[in-house]
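Asks: mind folding the following:
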Amino acid sequence: MIPVFNRLAHLSIGLLIASSCAFSNAAKTAEVDPLRPVDTASPRETLQDFVVTIDGIYRGLEGILQEYAASGRLYLTPDERRRQVEVLSAAAKAIRVLDLSDIPPVLQQTVAAERAIQLKEILDRIELPSFESVPDRNAAAGLPGKRWRLPETEIDIALVESGPRSGEYLFSAGTVDRLPEFYERVKKLPYKPGPAAELSDVYHKLSAGGTATIYDAYLSSPVGLARIVPVRWMLRLPAWAKSPIAGVGAWQWLGLVVGLAVCLGFVYGICRLNRHLAGRRAEESGPGWHALLTPLAIILVTAFPVPSLCAIFRIGGTARIAITFMQTGALYLSAAWLSLIAASLLAEAIVASERLRRGSLDSQLIRLGMRFVGLGIAVGFLIQGSYELGFPTYSVLAGLGVGGLAVALAARDSLANLLGSMLIMIEKPFRVGHYVKVSGGEGTVEDVGFRSTRIRTADNSLISIPNNSVVNGTVENLSVRAMRRQRFLIQVTYDTPRQKLEELVSGIKQLIADHPMTNKTNFNVRFNDFGESSLNILVYFHIETTDYSAELAARKTIGDRFCIPHAHAGNRNAFGAGDGPVASPGWCGSRPALTGIGNELSWREKRRGCWVMARSGRRAPNHGNVVADPLWDRIAVGGNPGCQGQVATQLS
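Replies: The predicted structure is shown next:
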């Protein structure tokens, strides 16, 4: 992934290199074969090609500078500018003899031009061996360590054994890294006779003694201002304006600060606009498209104006390295930020286009998936940014792995809840709006988040249950039932005759069979148990509805038919026909009534009776005969004298 700003940086550095040969004479320096690559097959070819290439540029510079100084013109002619561009290819060849592998990629193009000029400044001040004495291709094969050191120096030309330039002899990465140190040691030494000394004299005259070296002239004559500020003016600035601060002239710092202030003002204005737009739609959830403005503004500023300002004012040295590091970091951080926001916005757009409920599991799954996509892209930007700044990719990945493991161990509960939310969204055991029973609560699902599921209970409380507990517990989804079960008991007094009991059971079965909302294939009405003071008839059936309100309405309708008023004694019919009222029989002169409370219906006898112990351990009503029915087969009732004198029980 090659960022756009790198391409701009390449162009800017090309201009920087061009400025070092800004006034070359194309007629004298034009390459016979401009496509011929630099020869790096041995230390001899590497050193010779570098020196010859730069000397040719210097000779061209001397001629055009003398022509410019003698003319009295303020600006270069169009022809001189055209010839300035033609010399760029030669400068690029000189840079290729440097091993830049230890320099961060984002700084290679910036630092390369400075390092090439510094290397030539060093070579022009020390004694060089003749090219014939430098090892050629045959002699290089026997060099110890596959490297050759310039006599009396620490400058090495070494064989590159790996990478895209393996097999080439280049000025070693260690040498390139220490070139600023070497330059500081020799910059006060005089030039040896040759093209560099002659070019330095011309610079010295144009600057009225203000430029000491070619490297100083390179730094103090920004190419970006050559069409606005005449070169002779830039070279003749007062001493205070050219006084170096962190290796950069004061007037260059002034221009850079003004430009950066404009860039910061632009970003601040975009941030204020973003806040204004956010305030106008504060009632809406999720980020709006305006959230993209701030990261886009930072990306725009760091990708174009900042590198351009550094190139225009030719900011070099330590200051350029610091600015480039901050610019690259801000660029990739903003790109990662932008990817996260864009993923969230895209998820909201998909949810809106599919017309999904904002709180539904499908919409949550889309949001979660897009967040992971955005996070992956953001991590990719951060890895690329770290690579551009010189951090090896494998080291970054290893660091992320170790850091991820530490975070996972420290936040295992949170990660478990996150994974639980993913399982809920994928498996969909329930949806928003369903009525569920889960470990820890029962109610209507209002939201499924990335940490917890929120449920509104029957008493209007809102409870949050961790998703990990939901996934690992039992979930009963009551909203997906095709039918709703009804189960209750009808309690009948022990002195109820068998015939009346059978009529009661048959009548309830018929009532359930006739109701339009009951399931006709699966219901039961039969004797179930002996109660404390009653015979319990189990009523079990289903109402075919998925809606709780409809269930309540159907239960009320059925209950109204159960809850019948008492009738006069002697009425032999337990239930009437159709929807009319059903009469209650009278037993033993009592006035029974069928009453209903909730799901339980019970017969209550309004009299006192004598009770005896049955074989089952229960009490049976005192009748004058023994019931020989299976329902009563365990009860001893009838004219038992032991009944007399027993404690009377009041039934209410």
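Asks: alpha carbons only for contacts and neighbour counts from here, please
Replies: OK.
Asks: for Lys437, list the residues it contacts.
Replies: Applying Cα atoms under 8 Å, 6 or more residues apart in numbering, we find Lys437 in contact with 443, 475-478.
Asks: can we see that at 6 Å?
Replies: Counting by Cα atoms under 6 Å, 6 or more residues apart in numbering, Lys437 touches 475-476.
Asks: next, Ile490: secondary structure please.
Replies: Of the three states, Ile490 takes strand according to DSSP: H, G, I helix; E, B strand; the rest coil.
Asks: looking at it, it is touching Ile537, isn't it?
Replies: Yes. With contact defined as Cα atoms under 6 Å, Ile490 reaches Ile537; the gap is 5.0 Å.
Asks: which neighbours do those two share?
Replies: Counting by Cα under 6 Å, 6+ apart, nothing touches both Ile490 and Ile537.
Asks: for this protein, which helix is longest?
Replies: helix 317-353 (DSSP state H).
Asks: stretch 476-486 - what's its average pLDDT?
Replies: What stretch 476-486 shows for mean pLDDT is 84.
Asks: name the residues that touch it?
Replies: Contacts for stretch 476-486 (Cα under 6 Å, 6+ apart): 434-437, 540-546.
Asks: where does the stretch 301-450 of the chain have low pLDDT?
Replies: 354-361, 394, 396, 400, 404, 407-411, 440 (pLDDT under 70).
Asks: just to revisit the earlier point, separate out the buried members of the contacts of stretch 476-486.
Replies: Buried members of the contacts of stretch 476-486, counted by 16 or more other Cα atoms under 10 Å: 434-437, 540-545.
Asks: for the longest helix of the chain, packing partners?
Replies: Counting contacts by 3 or more Cα pairs under 6 Å, 6 or more residues apart in numbering; DSSP states H and E, helix 317-353 packs against helix 293-303, helix 361-388.
Asks: is it possible to get CSV of those helices that adds mean neighbour count and distance to Thr153?
Replies: CSV is the format used below for those (neighbours: other Cα atoms under 10 Å; distance: least, Cα to Cα, whole Å):
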stretch, mean neighbour count, distance to Thr153
helix 293-303, 21, 40
helix 361-388, 20, 32
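Asks: now those in a markdown table, with distance to Phe266?
Replies: Converted to a markdown table, those look like this (distance: least, Cα to Cα, whole Å):
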| stretch | distance to Phe266 |
| --- | --- |
| helix 293-303 | 8 |
| helix 361-388 | 24 |
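Asks: what's the closest of those to Ala91?
Replies: Among the helices and strands packed on helix 317-353, the nearest to Ala91 by Cα to Cα is helix 361-388 (23.8 Å).
Asks: packing partners of the closest one?
Replies: Under the contact rule (3+ Cα pairs under 6 Å, 6+ apart), helix 361-388 is packed against helix 317-353.
Asks: show me which positions of the helix it packs on end up buried.
Replies: For helix 317-353, by 16+ other Cα under 10 Å, it's 317, 319-321, 323-325, 327-348, 351.
Asks: and stretch 117-137, by the same measure?
Replies: By neighbour count on 16+ other Cα under 10 Å, the buried set for stretch 117-137 is 117-125, 134-136.
Asks: would you mind measuring the gap between the ends of it?
Replies: With Cα to Cα, to the nearest Å as the measure, the first residue of stretch 117-137 is 26 Å from its last.
Asks: what residue lies at the spatial centre of the protein?
Replies: Nearest residue to the geometric centre of the chain (Cα atoms, centre = their mean): Leu375, 2.9 Å.
Asks: from Gly401, how far out is it?
Replies: From Leu375 over to Gly401 (counting by Cα to Cα), the distance is 15 Å.
Asks: now do Thr77
Replies: Noted for Thr77: a distance of 59 Å to Gly401, by Cα to Cα.
Asks: same deal with Glu80?
Replies: Applying Cα to Cα to Glu80 and Gly401 gives a distance of 56 Å.
Asks: how far off centre is stretch 468-483?
Replies: On the basis of Cα atoms, centre = their mean, to the nearest Å, stretch 468-483 sits 30 Å off its chain's mean C-alpha point.
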